[in-house]
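Participant: predicted model and sequence below, questions to follow.
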Amino acid sequence: MLQLDAESLYAELRDGVRSLLGDDGVLVGIWSGGAWLAERLQRDLQRPGAHGVISSTLHRDDYASRGLGGSDPTSLPFAVDGARIVLVDDVLYTGRTIRAVINELFDFGRPASVALAVLVDRGGRELPIGAACAAARIALPATQKLSLARDERGRFSFAVKDAG
């Protein structure tokens, strides 16, 4: 059985994100696991201002079958035009969520650049999308789903479940 130490991976992600952000970058977490990560990164990296949260819901190519799905609406408390944005997500798989998020982001303006940082890249891409920073790269069968969880103290863990 696959065992991933989400807290150790978070420490690696934090170091990678620090270099991606530079002095003027802003964090945007993808709802929901990426939003949790961005919130903690914002605090741990002592970034000024607020991080953003973005939803892929309205731009998903499977919107008709999924509906709104309980995600929070996008909140970007800074100007997107000209911003250097680091998108943060928990698991990169097919690339479809990232495509939808980029479409949502451009509804708010035109950033100077967008980089992607993920806790785990599990392979299986269906679109030509890659992470600038991935704390881990693993191979996981399409029949399994990797989910990030957060406890009441804000500590992260992973669960592997059958996708069925």
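Facilitator: Looks like it arrived, so ask away.
Participant: G29: which element?
Facilitator: Assigning secondary structure by DSSP states H and E places G29 in strand 25-30.
Participant: so for the next helix or strand after that strand, mean pLDDT?
Facilitator: Past strand 25-30, heading to the C-terminal end, the next element that is a helix or strand (DSSP H and E) is helix 33-44. Taken as a whole, helix 33-44 has an average pLDDT of 97.
Participant: before we move on, what about stretch 125-139?
Facilitator: Averaging pLDDT along stretch 125-139 gives 97.
Participant: in stretch 125-138, which residues are buried?
Facilitator: Of the residues in stretch 125-138, those buried by neighbour count under the rule 16 or more other C-beta atoms under 10 Å are 131-136. No exception for glycine: its C-beta is placed from N, CA and C like everyone else's.
Participant: want to try CSV for those residues, with secondary structure and distance to L148 as columns?
Facilitator: As requested, the buried residues of stretch 125-138 are arranged in CSV below (DSSP: H, G, I helix; E, B strand; the rest coil; distance: C-beta to C-beta, whole Å):
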residue, secondary structure, distance to L148
A131, coil, 15
A132, coil, 19
C133, strand, 16
A134, strand, 14
A135, strand, 12
A136, strand, 12
